[in-house]
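# Show me how the following folds:
(one chain, ligands or ions: 1)
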Amino acid sequence: MDELDYNTCNATFRSLTDQQRLMAEETSRQIGAGADLELTSYGCGFGMFELELIARVPRRTVWFQGVDTNGEAVARLRAELAGLPKVRGHRVFTASMSDITDRRIAATEYGLFVQSLCYLGADDGMAVLKEARNRHRRLFVAVTPLNRLNGPFADSLAQQGVVRPLFAQTLAEELTRFGMGFMSVTVDAEIVVPVSEPSQRLLEFLTFARHQPWSGGTSRAELLDAVSELGTRAAGEIRVPHPVELFTIR
Ligand SMILES: C[S@@+](CC[C@H](N)C(=O)[O-])C[C@H]1O[C@@H](n2cnc3c(N)ncnc32)[C@H](O)[C@@H]1O
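Coordinates of the predicted model:
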């Protein structure tokens with residue numbers, strides 16, 4: 001992404017959807033109450049989801065470990081974690097989760113892949129999951145089904161040579177094929193874009209929704225039309241279905 005910063009676009013996109021809050025509520029409910037939580041996030045980014053989960057989860061303290069290929073995001077998350085009294089310790093490093101033998105990754109009770117496993121093709125992704133299952137008692141994988149909204153993202157992964165990325169349908173097939181037991185729940189989230197949204201935010205939203213620089217028109221009307229194509233427009237809002245599947249693997 002060159003024309004606009006990925007993190008800014010991701011933040012705008014997330015601010016327009018209830019998906020993260022609903023996912024954090026569901027994950028938090030499944031983790032449940034207790035004293036301390038030890039958590040590893042693969043593809044943690046700058047922790048938009050992870051920080052919300054840490055805040056919500058009914059645990060007194062959290063030890064957090066994270067891995068991401070984006071060094072800037074890693075530095076930002078480290079700084080955020082350092083300021084949180086609930087976090088009793090953390091280690092976040094720049095690495096690919098595909099380096100499955102990375103000895104720096106310590107065993108923790110929970111392993112988390114939130115919107116990150118779909119960056120990998122089925123072969124790599126399943127190898128990462130199998131290794132992660134040896135390190136963690138329980139894995140959570142949150143991933144969207146392949147649909148109209150993320151079709152352009154899937155196209156861009158295909159152009160990068162990613163074969164059968166692990167969107168929800170493919171992940172369920174692969175888990176079944178390898179006999180890995182799982183449960184999954186659908187979190188019925190949606191995106192609501194007020195038609196009054198400023199042009200810059202519409203542009204940021206579209207850039208992230210398509211996961212590539214926006215190449216369409218840039219007048220406000222053209223941007224609004226492009227957002228409308230993704231959902232339905234009524235009562236001053238455009239509503240786009242944005243479900244996510246939360247897999248629990250033991
Ligand atoms: C959509 S973001 C999700 C970030 C975070 N989990 C959240 O929900 O707020 C996906 C993240 O996966 C990271 N990622 C993609 N491929 C990766 C890989 N092979 N190893 C580690 N991180 C990766 C990206 O850098 C990006 O930060």
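# Spatially nearest residue to the residue most central in space within the chain (excluding sequence neighbours)?
What sits nearest the mean C-alpha location of the chain, by Cα atoms, centre = their mean, is residue 115, with 2.5 Å. Spatial nearest neighbour of residue 115, chain neighbours left out: residue 142 (6.2 Å); criterion: Cβ to Cβ, 6 or more residues apart in numbering. Every C-beta, even on glycine, is put in place using the N, C-alpha and C of the backbone.
# Assumed that neighbour was part of a strand.
Yes: counting by DSSP: H, G, I helix; E, B strand; the rest coil, residue 142 is found in a strand.
# which residues touch it?
Residue 142 is in contact with 23, 27, 49, 113, 114, 115, 187, 244, 245, 246, 247, counting by Cβ atoms under 8 Å, 6 or more residues apart in numbering.
# Need the contact partners of the host helix or strand of the first one.
What that stands for is residue 23. Assessed by DSSP states H and E, residue 23 sits inside helix 19-31. For helix 19-31, contacts defined as Cβ under 8 Å, 6+ apart pick out 14, 37, 48-49, 52-53, 56-59, 110, 112, 114, 140, 142, 185, 187-191, 242, 244, 246, 248.
# how about that helix, does it get close to the ligand?
No: Helix 19-31 does not reach the ligand (Cβ under 6 Å from any ligand atom); its nearest approach is 7.2 Å.
# ok, back up a step: quick one: the residue nearest to residue 115 from the ligand, how far?
8 Å (Cβ to the nearest ligand atom, to the nearest Å).
# What pLDDT is listed against that residue?
For residue 142, the model assigns a pLDDT of 98.
# can you map out the helices along the chain?
Using DSSP state H, the helices of the chain run over 6-15, 19-31, 48-56, 71-82, 122-135, 151-159, 168-177, 199-210, 220-228.
# Check which residues of the fifth one are buried.
Neighbour-count burial for helix 122-135 flags 122, 124, 125, 126, 128, 129, 131, 132 (criterion: 16 or more other Cβ atoms under 10 Å).
# repeat for the third one
With burial defined by 16+ other Cβ under 10 Å, the residues of helix 48-56 counted as buried are 48, 49, 50, 51, 52, 53, 54.
# what's it packed up against?
Counting contacts by 3 or more Cβ pairs under 8 Å, 6 or more residues apart in numbering; DSSP states H and E, helix 48-56 is packed against helix 6-15, helix 19-31, strand 34-42, strand 59-68, helix 71-82, strand 108-114.
# List of residues touching stretch 47-58?
10-11, 14, 20-21, 23-25, 27-28, 31-34, 37, 39, 41, 44, 62, 64, 66, 73, 76-77, 80-81, 84, 86-87, 112, 114-115, 142.
# Buried ones among those residues?
Buried, going by 16+ other Cβ under 10 Å: 10, 14, 20, 23-24, 27-28, 31, 37, 39, 41, 44, 62, 64, 66, 73, 76-77, 80-81, 87, 112, 114-115, 142, out of these.
# need the residues of the chain near the ligand, please.
Counting by Cβ under 6 Å from any ligand atom, the chain sits next to the ligand at 41, 43-45, 47-49, 67-70, 73, 96-98, 114-116, 119.
# 8 Å instead?
Counting by Cβ under 8 Å from any ligand atom, the positions of the chain adjacent to the ligand are 10, 14, 20, 41-50, 67-70, 73, 95-98, 112-116, 119-120, 142.
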